[in-house]
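Asker: Return atomic coordinates for the entry below.
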Amino acid sequence: MKINYISVSVIPSDRANSIQVMKVCQAIAQAGQHVTLLTPAMQPETPAWELLARHYGLRTQFDIQFLPLQKIWNRHDFSWKAVLKARSLGADLIYARSVTPAVLGLLLKIPVILEMHQLPSGTFGPLWYRLFLLLPGQKRLVPITIALKLALENKFQPVLPESQVLVASSGVDLDRFNDLPDPETARSLLKLPSGWTVVCSGHLYAGRGMELIAELAERMPEVNFLWVGGTSQDVNTWRTRISATGLKNMNLTGFIPNRELPLYQAAADALLIPYNRRFTNSGGENISNVSSPMKIFEYMAAGRVILSSDLPVLREVLNEANAILCPPEDVEAWEQALRQLQADPHKGQLLASQARRDVERYSWVERCRLILTGFMEGAQ
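Answerer: Residues are numbered from 1 along each chain as shown. Here you go, the predicted structure:
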């Protein structure tokens, strides 16, 4: 089956949406389907596959077409060009991560899967989404969390029948986390300080918990704290703040290519998801009620104990059997949890082992098969 994935994400980029797009396209290819990613050409030269493979940690190649833009960037213009390109390529299915190309695909009577990561926003987002609900045609809605599915149903009518809706959390490349070294060996390979180490990976957007980690580092000088990722601007801002405090046990790596991420996560004795009650995406939008962070599944696959903020949407995956759940923004509770883990490493090992078993059902490939099952036959 010919699947055209349409995304407005910048390729290459270090943003989570860009990484997720590339992981999903790879999974579609690994599931035996022919996939072509249609994405805007944001650079004068087409990036080489070898560069993209290293940047995103990819192993299976798939087709990418970078579509030229007007001088003034316009998402709707790109969406229309991409859908027309999909039709010219003989697409059996359009897989969209934003609602505009999904609607345009239905108008051209092409089967559509729409993957949603947050509520429609902006002036026209809700209107486009209502059109998606109302238009006839073969379609499937894929919210990334149960919470997002319920929020969409509460806000928008009509509600699609259950046969057209499938919740699919984020995923992980499980094979990239096989045969990881023990924490001390990983730290040696990465030339990180020896000793008990706490790692958090991801961006430093508002509400992601860097303030809490900095305070933990001040309270626990015997522990190494490492933040992996972030834009150069955010990282430099925090390096300046940390330097001013005199902290010696808190470091930030800056951006790390996705291919190298498992080794950094393996270097941890504990992996943290220290979100505030409210946290945002790259656009500054609050996603704390509907998010499915990729780091959850990477942490589970890495086989290290997870400490996470106890937020309802994160409990769709995490629980007391596979993680330690702490009150958001309560630094004393987080410090106590870390000290208990230091005193009782066996508890951490049990939680990490359960998380590793639980993550088996969250591979990108299995996720892809789940989304396409029952839809493929009708789309061919």
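Asker: farthest residue from the center of this protein?
Answerer: With distances taken as C-alpha atoms, centre = their mean, the residue sitting farthest from the centre of the chain turns out to be G246, at 32.9 Å.
Asker: how distant is stretch 115-130 from the center of its chain?
Answerer: Using C-alpha atoms, centre = their mean, to the nearest Å, the mean C-alpha position of stretch 115-130 is found 19 Å from that of the whole chain.
Asker: Endpoints of it, how far apart?
Answerer: Start to finish, the residues bounding stretch 115-130 are 15 Å apart (C-alpha to C-alpha, to the nearest Å).
Asker: and if you look at stretch 322-334?
Answerer: According to C-alpha to C-alpha, stretch 322-334 extends 17 Å from its N-terminal end residue to its C-terminal end residue.
Asker: hmm, back to that, roughly how far does the residue farthest from the centre of the chain sit from V198?
Answerer: According to C-beta to C-beta, to the nearest Å, G246 stands 19 Å off from V198. Heads up, the C-betas are built off the backbone N, CA and C, glycines and all.
Asker: now the strands for this protein?
Answerer: Counting by DSSP state E, the chain has these strands, from start to end: 2-6, 34-40, 63-67, 93-96, 112-116, 139-143, 197-201, 224-228, 250-252, 270-273, 305-309, 324-326.
Asker: most tightly surrounded among those strands?
Answerer: strand 93-96 (a mean of 28; mean count of other C-beta atoms under 10 Å).
Asker: got a list of contacts for that strand?
Answerer: The list of residues contacting strand 93-96 from outside it, by C-beta atoms under 8 Å, 6 or more residues apart in numbering, reads 1-7, 24, 28, 35, 83, 86, 101-102, 105, 110-115, 375-376, 379.
Asker: the domain parsing of this structure - what is it?
Answerer: According to automatic domain parsing, the chain comprises the domains 2-171+363-379, 174-361.
Asker: Could I get the contacting residues of the residue nearest to the spatial centre of the chain?
Answerer: Against the mean C-alpha coordinate of the chain, by C-alpha atoms, centre = their mean, the closest residue is M294 at 3.5 Å. With contacts taken as C-beta under 8 Å, 6+ apart, M294 has the following neighbours: 16, 19-20, 23, 170-172.
Asker: let's see 7 Å
Answerer: For M294, the contacting residues are 16, 19-20, 170, by C-beta atoms under 7 Å, 6 or more residues apart in numbering.
Asker: circling back to that earlier point, switch the domains of the chain over to TSV; also include mean pLDDT.
Answerer: Conversion of the domains of the chain to TSV gives the following (pLDDT from 0 to 100):
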stretch	mean pLDDT
domain 2-171+363-379	94
domain 174-361	97
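Asker: Could you measure from E162 over to S9?
Answerer: Plainly put, E162 is 29 Å away from S9 if you go by C-beta to C-beta.
Asker: okay, those two: which has more neighbours?
Answerer: For E162 against S9, the residue with the higher neighbour count under other C-beta atoms under 10 Å is S9, and the figures read 20 against 7.
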